[in-house]
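>>> dropping the sequence and predicted coords here.
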Amino acid sequence: MSLEEGCRTAVITCMGVQESDRVTILSDKKSENIGKTLRAIALEITPMVRYFNLDLYGKRPLDHFPDAVKKAALDSTVTFWTASSMEGELESVRGPFIDAALVGGRHGHMVNITEEVVKNALAVDYSEIEKFTNKLYDRLKDVETIRVTNPQGTDITAKFRDSWKWVPSAGICHNVGHWNNLPDGEVFTAPIEMDGKIVVDGIIGDYLGNKYLHKDLQETPIHIKVETKERPRVVDIRCENTELMTELNKYIKQHDCASLIGEFGMGTNIFLKELSDNMLQDEKFPGVHIAFGDPMAEETFADWSCPEHLDNILTHCDVWFDGELVMKDSEYLI
C-alpha cells in the first residue's frame with residue numbers, strides 16, 4: 001500500500017472530510033511529507049485547509065501553545081496532529097491542541113506517525129476493523145473480571161465497573177467533539193481494580209517510546225508490580241536497564257495520578273502482523289496494552305483525570321473474560 005492510499009483513508013474514511021469542513025494539519029519536519037500529503041488530499045475536497053510546521057515556532061520541546069495554531073484549531077471542524085511527541089509537550093502543546101480542536105470539530109491524532117505506519121495500518125479496510133471492534137466490544141461491555149498471563153511472567157487480574165464505559169474505537173470519527181488515534185482499532189476502559197505483575201517486553205509510550213525500542217525491552221523487560229489501594233496503582237518497577245528504570249520511576253512520580261492504572265485496552269487492527277516500534281500503531285496490534293495515568297474520562301466516564309498517559313504493550317498474552325479463554329498467544333479465539 002502507498003502513503004497516498006493511507007492518507008486518503010485518514011481524510012475520507014476515518015475523518016469524513018466534506019466540502020464545508022475547515023481543516024487544520026499540524027506537522028513537524030519528521031512528519032512533513034505525511035502532513036503535506038494529508039493537505040493535498042483534503043484540498044481535493046475543500047479549499048479551507050491550513051498547514052502548520054510545529055518546528056518553526058521555537059526549539060522543541062515547546063513550552064507554549066503558539067497563538068496562530070490555537071486560533072486555527074479553534075476555528076476548525078477537522079484537525080490532524082502528525083508531529084512527534086516530546087517530553088513536556090503533552091501538557092504544553094499537544095493536550096491544548098486537542099482541547100481547542102474539539103470545541104467545534106473532530107480530531108485525528110497521529111502523534112509520532114511514520115510513512116511505514118501510514119502504509120501498514122491506515123491503508124487497510126476500516127470497515128472490517130469496525131466489524132471486529134464492535135464484536136469484541138459486545139463481549140467486553142459486560143465483563144466483570146479479566147485475567148492476563150504471558151510466558152514472560154505477566155499475571156494480573158483486573159476488575160471493571162459497570163458505570164465506566166468500554167469504548168470501541170475503530171477509526172471512524174465523524175462527530176463534533178470526538179477524537180481518535182489514527183491508525184486505530186482497539187477497545188478500552190479504565191479498570192477499577194488491578195493486582196499482580198506486568199512484564200512489558202513490547203514497547204512503551206509517550207516520549208520514552210522514541211528512545212527504547214522493542215528489541216531493547218526484549219533484552220531487558222520491565223517488571224511492574226500493581227496493587228489496588230483505593231485505586232489500582234504501580235507500586236514497584238524493576239528493570240536491568242537502570243537508565244530506563246530511572247526514567248520510568250521519574251515518569252510515574254510527576255503527579256500522584258501518574259502511577260495509577262488508567263487504561264486496559266485490547267487492539268483490534270486485525271491487519272497488523274508484527275510490532276513496529278511505533279506506539280500509535282502497536283497499541284492497535286491484536287493483544288493487550290495497559291497504560292499508567294489518564295483514564296480518558298471524557299470517553300470512559302472514569303471519575304478522575306491526569307496530565308500523563310504512558311502505554312505499555314504486552315506480548316504473547318493469554319486472556320480470560322470472566323474465566324473464559326478468549327485470546328491465546330495474542331491471537332483472538334472469538
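Structure's in. What do you need? Numbers count the residues shown, from 1 in each chain.

>>> can you pull out the strands in the stretch 1-150 of the chain?
23-27, 49-53, 78-81, 106-109, 145-149 (DSSP state E, counting those that start in this stretch).

>>> would you mind checking the average pLDDT for the third one?
Okay, so that is strand 78-81. For strand 78-81, mean pLDDT rounds to 98.

>>> next helix or strand past the least confident helix or strand in the chain by mean pLDDT?
In the chain, no helix or strand scores lower on mean pLDDT, DSSP states H and E than helix 279-282, which sits at a mean of 90. As assigned by DSSP states H and E, the chain's next helix or strand after helix 279-282 is strand 287-293.

>>> residue ranges of the helices in the stretch 151-300 of the chain, please?
214-219, 242-252, 279-282, 297-300 (DSSP state H, counting those that start in this stretch).

>>> so which of those is nearest Gly6?
helix 279-282 (11.2 Å; Cβ to Cβ). Where you see a C-beta, it was placed from the backbone N, CA and C, and this is true even at glycine.

>>> helices and strands around the closest one, which ones?
strand 309-314 (3 or more Cβ pairs under 8 Å, 6 or more residues apart in numbering; DSSP states H and E).

>>> and the gap between Lys328 and Leu140?
For Lys328, the distance to Leu140 equals 17 Å [Cβ to Cβ, to the nearest Å].

>>> more neighbours: which of those two?
Leu140 (20 against 12; other Cβ atoms under 10 Å).

>>> hmm, that one is touching Pro191, no?
No: counting by Cβ atoms under 8 Å, Leu140 sits too far from Pro191 to count as a contact (12.0 Å).

>>> if you drop the residues flanking it in sequence, what lies closest to Thr9?
The shortest distance from Thr9 to any non-neighbouring residue, by Cβ to Cβ, 6 or more residues apart in numbering, is to Leu122 (5.1 Å).

>>> count the neighbours of the one you found for me.
Leu122 - counted by other Cβ under 10 Å - has 28 other residues nearby.

>>> residue contacts, it?
Leu122 makes contact with Gly6, Cys7, Thr9, Ala10, Cys14, Leu182, Pro183, according to Cβ atoms under 8 Å, 6 or more residues apart in numbering.

>>> and the two most separated of those?
Cys7 and Pro183 (11.4 Å).

>>> shared neighbours, the two?
Val118, Leu122.

>>> before we move on, the earlier item: pick the most deeply packed of the helices of the stretch 151-300 of the chain.
Ranked by mean neighbour count, the helices of the stretch 151-300 of the chain are led by helix 279-282 with a mean of 26 (mean count of other Cβ atoms under 10 Å).

>>> returning to what we had before: out of the helices of the stretch 151-300 of the chain, flag the one nearest Pro96.
helix 297-300 (14.9 Å).
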